[in-house]
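J.: Provide a 3D model corresponding to the input given below.
(chains A and B)
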Amino acid sequence: MGKVLVVDDDRSIRVLLKSILVRDQHDVVECADGLSAFKIATEEQPELVLLDLMLPDCNGLEVLADFKNNSNLEPIPVIVLTGSSDRESRLKALSSGAVDFISKPFLPEEVLLRVNTQLKLHNLIKSLRVAIDSLQNDVLAAGRIQTALVPISPPPELSVAWTYLPSYRVGGDIFDIIRIDETRFFVYLADMSGHGVNAAMLSVMVHRFIEDYKNSIEDSGFDLKDFMIELDRNFRFEKFNLFFTIVSAVIDFKRRIIHFSNAGHPSPLVANSEKCKVLSEEKEGLIGMDMIDGKVCELQLSEGDRFIMYTDGFTEATNETGEMLGEEKLKSIIQGCHGKSLSETIDSLNSEFRDFCGSVRSEDDISVMIIEM
Amino acid sequence: MFKFDLHNKTIGVISLEKPSRITGEISASFRKWYESKEIGKCSAIVIDGENIQFIDSMGIAALISIYKNLTPKGSNLLLVNLSPEIKKLLGTLRLDRLFNIRDCSVEDAIKTI
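T.: Below is the predicted model of the structure:
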């Protein structure tokens, strides 16, 4: 049973309504005018308001508007009391946020039926809101944990920059830059299937696994082929009902040699002053389906060459007309940024991406990482 | 929005009633939907891609689950009428090696099973 505020200047109506409601175990607070209705509602926080539209100090519709414009009072359902012929005000009240109306004179049964139905609805909406808030908090917490795992700033020896925009739904992009020895870094960018807490948790597990794997072997013994096979063995599809794709690379920044392996991920790009090329050779299947042989590509680069890894959140983003951004546009942005610094290039990628998407929010995480030799 | 028809008593055909993007919540509901069908009892599943405009990674995971449910019994997962973009996506993931992707009608695919 709930607390009901009765607002009516006619004392006999208030007494009648109170007796009907109290008999049905409701608590009743009452008042006779619009000003005190707002004050009492703020203090008492009733679960429902019965509001007469003809009040001495103001029109009941104004009180209704005040309630609906106040964030604390807005969720409280308001049932208006109207004269039997007052159709226009009734319609106005319903379109201004009242949930129902009761025409005077009324039957006690009708009052109880309408009040109880609205209270039941109101309580359901309230518990739904609580459940959604708690779910959203979980998703946000998962997102924060995921975001905390990616590097904050690049290591001084490696010329690298990135953009990492987690989606509002929490996707599953994760990356890291790990030093192997004096001249080499291990870099990876992975994308978990799905969104939300599942994807975020898997990305945390993958991150942790890779960190442990790297720590468990001697620096000189780090082998990309073994690493990819080990990933495939440990993240079986049937274990999580999720999969992920990954590009991992060993960057020798002194000799400007990159070894990379691609499991089902969009092919990395290599760009110089002349062209931006897609590195689609030796690509393998996604992780967890026994499709990994550990194929590794070697790339000899020159000073100033750029190696770009990205997730499909960037290229599969759509604009208002449903058109996808696509690999060609990414290539042309990268190519257009030749001669610019890495941070300027990242700024261009971000602004071109925003301009393309317009008001469409991305459902996926967006990650692009650029390494310059 | 998803449709399941049984042909020759053992071949399941999954299709979409109208053109749709299988993303986000729809991907999640697709998974729940097909789990309610007795796919494991089918000798083969044909997925009609005609109305699939786009499919996200969650939707792909659902396809893999269907494949995993069928494969131990030596059965088939056939995908027909796919758009070039979806074929490219399956190619990127190298799932074209696992799934049977064909450019033919559902009827023709059923005849070959």
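
J.: OK, contacts around A:L50?
T.: By CB atoms under 8 Å, 6 or more residues apart in numbering or on different chains, the contact set of A:L50 is A:4-8, A:17, A:79, A:81, A:102, A:115. Yep, even glycine has a C-beta here, placed from its N, CA and C like the rest.

J.: kindly recompute the last result at 6 Å.
T.: Contacts here follow CB atoms under 6 Å, 6 or more residues apart in numbering or on different chains; on that basis A:L50 touches A:6, A:79.

J.: may I see the buried residues of stretch A:45-55?
T.: A:46-53, A:55 (16 or more other CB atoms under 10 Å in any protein chain shown).

J.: centre-most residue in chain B?
T.: Central residue of chain B (CA atoms, centre = their mean): B:I47, 3.3 Å from the mean position.

J.: what about it, which SS state?
T.: Per DSSP: H, G, I helix; E, B strand; the rest coil, the local secondary structure of B:I47 is strand.

J.: my guess is it meets B:I14, correct?
T.: Yes: counting by CB atoms under 6 Å, B:I14 is a contact partner of B:I47 at 5.0 Å.

J.: so what's A:V247 bridging to?
T.: Beta-bridge partners of A:V247, counted by DSSP bridges, are A:L189, A:N262.

J.: then the one 4 residues further on?
T.: When bridges are called by DSSP bridges, A:I251 pairs up with A:F185, A:I258.

J.: count of residues packed around it?
T.: 26 (other CB atoms under 10 Å in any protein chain shown).

J.: local confidence estimate at it?
T.: pLDDT, A:I251: 95.

J.: do the same with the one 5 residues further on
T.: You'll see A:R256 listed with a pLDDT of 95.

J.: and it, how far is that from chain B?
T.: Look at A:R256 and chain B: by CB to the nearest CB, to the nearest Å, they are 28 Å apart.

J.: run through the chain and note the low-pLDDT ranges.
T.: Just so you know, I chose chain A. For chain A, residues meeting the criterion pLDDT under 70 lie at A:84, A:168-171, A:219-220.

J.: that was the other one, I meant chain B.
T.: B:71-75.

J.: within range of chain A, give me the residues from it.
T.: B:24, B:57-58, B:61, B:64, B:93-94 (CB under 6 Å from any CB of the partner chain).

J.: narrow the residues you listed to those in helices?
T.: Of the positions in the residues of chain B next to chain A, B:24, B:57-58, B:61, B:64 sit in helices, assigned by DSSP state H.

J.: of the residues you listed, which is the most crowded?
T.: With neighbours defined as other CB under 10 Å, the most crowded of those is B:S57; it has 27 neighbours.

J.: so what's it closest to, chain neighbours aside?
T.: Nearest residue to B:S57, sequence neighbours excluded (CB to CB, 6 or more residues apart in numbering or on different chains): A:S193, at 3.6 Å.

J.: list the contacts of the one you found.
T.: A:242-243, B:57, B:61.

J.: still on that earlier bit, now, the most widely separated pair of the ones in helices among the residues of chain B next to chain A?
T.: Farthest pair in those (CB to CB) is B:G24 and B:I64. Separation: 17.8 Å.

J.: show me the strands in the stretch 51-200 of chain A, by range?
T.: A:78-83, A:100-104, A:159-165, A:173-179, A:184-192 (DSSP state E, counting those that start in this stretch).

J.: ah, wrong one, I meant chain B
T.: B:2-7, B:11-16, B:20-22, B:44-48, B:52-55, B:76-80, B:100-102 (DSSP state E).

J.: what do you get for the stretch 251-373 of chain A?
T.: Ranges of strands within the stretch 251-373 of chain A are A:257-263, A:269-271, A:276-278, A:297-300, A:306-310, A:366-372, based on DSSP E, counting those that start in this stretch.

J.: what residues does chain A put near chain B?
T.: Close to chain B, as judged by CB under 6 Å from any CB, chain A has residues A:193-194, A:237, A:242, A:264, A:285-286, A:291, A:363.

J.: go again using 8 Å as the cut-off
T.: Proximity of chain A to chain B, by CB under 8 Å from any CB of the partner chain, involves residues A:169, A:191-195, A:237-238, A:241-243, A:245, A:264-267, A:283-286, A:289, A:291, A:324, A:363-364.

J.: what residue spans form the domains of chain A?
T.: What automatic domain parsing lists as the domains of chain A is A:3-132, A:149-372.

J.: tell me which residue in the stretch 101-250 of chain A sits closest to chain B.
T.: Minimum separation of the stretch 101-250 of chain A from chain B (CB to the nearest CB) falls at A:S193, amounting to 3.6 Å.

J.: apart from its chain neighbours, what residue comes closest to A:K225?
T.: Closest to A:K225 by CB to CB, 6+ apart is A:G294, at 3.3 Å.

J.: residues in contact with the one you found?
T.: Residues in contact with A:G294 (CB under 8 Å, 6+ apart) are A:224-226, A:228-229, A:261.

J.: hmm, try it at 6 Å
T.: A:225, A:228-229.

J.: over to B:N69?
T.: With contact set as CB under 6 Å, 6+ apart, B:N69 has these partners: B:39-40.

J.: distance check, it against chain A.
T.: From B:N69 across to chain A, the span is 10 Å (CB to the nearest CB).

J.: what do you get for B:L78?
T.: 18 Å.

J.: now stretch B:14-26, how far from the centre of its chain.
T.: Here the centre of stretch B:14-26 is set off from its chain's centre by 11 Å, with CA atoms, centre = their mean, to the nearest Å.

J.: for it, list the C-alpha coordinates in CSV.
T.: Extracted in CSV, the C-alpha atoms of stretch B:14-26 (Å, rounded to 0.1, in the frame of the first residue of the first chain):
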residue,chain,number,x,y,z
ILE,B,14,17.1,-20.0,-41.1
SER,B,15,16.1,-16.8,-42.7
LEU,B,16,15.1,-13.2,-41.8
GLU,B,17,11.5,-12.1,-42.4
LYS,B,18,12.6,-8.6,-43.5
PRO,B,19,16.0,-6.9,-44.3
SER,B,20,17.8,-6.3,-41.0
ARG,B,21,21.1,-5.6,-39.4
ILE,B,22,22.1,-8.3,-36.9
THR,B,23,23.8,-6.2,-34.3
GLY,B,24,23.6,-5.5,-30.6
GLU,B,25,20.4,-6.7,-29.0
ILE,B,26,19.3,-8.5,-32.2
